[in-house]
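[1] Below: sequence and its predicted model.
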Amino acid sequence: MRTRRQFLRDAGCGLGTAAILSAFDRFSRLDAAVTPQAATDYRALVCVFLFGGNDANNMVIPYDDYASYALVRGTALNIPKASLLQVNAPSQKAAFGLHPNLAELQSLYNSGHLAVLANVGTLSGPTSRSQYLAGAPVPNSLFSHADQQNQWQSSVTRTDDVRANTGWGGRLADVTSALNSVSFPMVVSVAGVPLFTTGINARPLVPGSGLSGFSTSAASQARYAALRSILKADGAATLVGAANTITSSGIDDVAALNTALTQASALKTVFPATSLGGQLQKIAQVIASRAALRINRQIFFVSLGGFDTHTDQINTHVTLYRQVSQAMSAFYDATVELGVAADVTSFTLSDFGRTFLPDSGGGTDHAWGSHHFVMGGSVKGGDFYGTFPNLALNGPDDASNEGRWIPSTSVDQYGATLAQWYGVAQKDLATVFPYLSQFGTNHLGFLP
């Protein structure tokens, strides 16, 4: 388990004493940004992106109709029925099985804090098999990793749409900025600067992205002061001036975060020593600092790669699903410890699903619709939402003859349900999710 000092070292950016002290000035400037519309409660969304295209056909498996699953998965990708972690889905009037390495998530599901959203994906509009085969509009570059990652993160399915250059997490931050009582960045990513976090105005704060090479020595602090002077030198309305302003604000924001982190009590929750565990621990520490940051709404992004399982999928999933289950469970425990379990909702995204039919290398190919988890104290858990696909090759939900499920629920509907709980106004939903009006409902019911 990392100590708070280690966390500060990893996230703290080496800004030096002067930068840390500048955080106090930053807080004094934030005081002036109080708005009358600011929320009085706290809420946060945490996006867990599974890069590579997660094969949820082996994450969520029919238990009552296991024969349909086993008929196609055969022996190459079959998860034995006896090893499945059984869960009941009242809305589906059926039982399902979770992958045997998702024990912690099974516990959260059974306790009502985890829900499954079935067969969700990128859509240009509601699409049936007959419409798909007849050439109905579909998302651009449908089975491409890069394109589908962008479309999941932007909710925009046409590359020629200017709105594809921003993410729905960033746009959500744009339209809800007044809910915060300060101008501190609403979006925090510990996995780089993904499209999801970028809005028209919103930009993510990335812990660990600040300056390094400065210490508390007089010479170092003189160099630091000179740098800040250079950044302020060109105030003209030029790209250089704009870049300098952004850099200066970023330095101040990270310094403010570091100062807030020193005021938060160390977490007692033990996180697994894994990539996703470490990322979610950092997020939990930032949430623990919410009072010092004086922030009411936050959006976070974490990620885990390795889900492009063309070969050896069975063994790969053992490691990946254990990491997801243990890290997400620890994060939920941390929100309980912090007293914000009902105020934080975590959810998974991924490039796409994978073919139900195995390929020759013990893996699967790129597909379309997939299943996802939503976790939190406000989640109406212990049930499935959306429509589970018919597991028949060439069946009514197959876009091909290999089990590429045509999504029955769109990314827009998924995100809009999360956004409404977060606090977005109905009038702003279309700004965040431009294609939402094409679908029958904008609220799927897994949150109040």
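    In hand now; what should we look at?
[2] what about the strands in the protein?
    For the chain, the strands defined by DSSP state E occupy 43-50, 60-62, 85-89, 94-98, 114-121, 187-189, 297-304, 344-350, 370-376, 384-386, 409-410.
[3] The second one - contacts with which helices or strands?
    The helices and strands touching strand 60-62, judged by 3 or more CB pairs under 8 Å, 6 or more residues apart in numbering; DSSP states H and E, are helix 66-73, strand 94-98. Using the backbone N, CA and C atoms, a C-beta is placed for each residue, glycine as well.
[4] circling back to that earlier point, for the strands of the chain, give me a markdown table that also has mean pLDDT and distance to residue 328.
    Formatted as a markdown table, these follow (pLDDT from 0 to 100; distance: least, CB to CB, whole Å):
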| stretch | mean pLDDT | distance to residue 328 |
| --- | --- | --- |
| strand 43-50 | 98 | 7 |
| strand 60-62 | 98 | 15 |
| strand 85-89 | 98 | 15 |
| strand 94-98 | 98 | 13 |
| strand 114-121 | 98 | 8 |
| strand 187-189 | 97 | 17 |
| strand 297-304 | 98 | 10 |
| strand 344-350 | 99 | 6 |
| strand 370-376 | 99 | 6 |
| strand 384-386 | 98 | 18 |
| strand 409-410 | 98 | 21 |
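[5] Could you save those as JSON lines and add columns showing distance to residue 424?
    Below are the strands of the chain laid out as JSON lines (distance: least, CB to CB, whole Å):
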{"stretch": "strand 43-50", "distance to residue 424": "11"}
{"stretch": "strand 60-62", "distance to residue 424": "28"}
{"stretch": "strand 85-89", "distance to residue 424": "28"}
{"stretch": "strand 94-98", "distance to residue 424": "31"}
{"stretch": "strand 114-121", "distance to residue 424": "19"}
{"stretch": "strand 187-189", "distance to residue 424": "14"}
{"stretch": "strand 297-304", "distance to residue 424": "10"}
{"stretch": "strand 344-350", "distance to residue 424": "13"}
{"stretch": "strand 370-376", "distance to residue 424": "17"}
{"stretch": "strand 384-386", "distance to residue 424": "19"}
{"stretch": "strand 409-410", "distance to residue 424": "17"}
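[6] Restricting to C-alpha, output stretch 364-375 in PDB.
    Output of stretch 364-375 as PDB, limited to C-alpha atoms (Å, rounded to 0.1, in the frame of the first residue of the first chain):
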ATOM      1  CA  THR A 364     -11.900 -13.300 -30.800                       C
ATOM      2  CA  ASP A 365     -12.200 -10.600 -33.400                       C
ATOM      3  CA  HIS A 366     -13.400  -7.000 -33.300                       C
ATOM      4  CA  ALA A 367     -17.200  -6.700 -32.900                       C
ATOM      5  CA  TRP A 368     -19.700  -4.000 -31.800                       C
ATOM      6  CA  GLY A 369     -22.200  -4.100 -28.900                       C
ATOM      7  CA  SER A 370     -21.000  -5.100 -25.400                       C
ATOM      8  CA  HIS A 371     -21.900  -5.200 -21.700                       C
ATOM      9  CA  HIS A 372     -20.700  -2.700 -19.100                       C
ATOM     10  CA  PHE A 373     -20.600  -2.300 -15.300                       C
ATOM     11  CA  VAL A 374     -22.000   0.700 -13.400                       C
ATOM     12  CA  MET A 375     -21.000   1.000  -9.700                       C
END
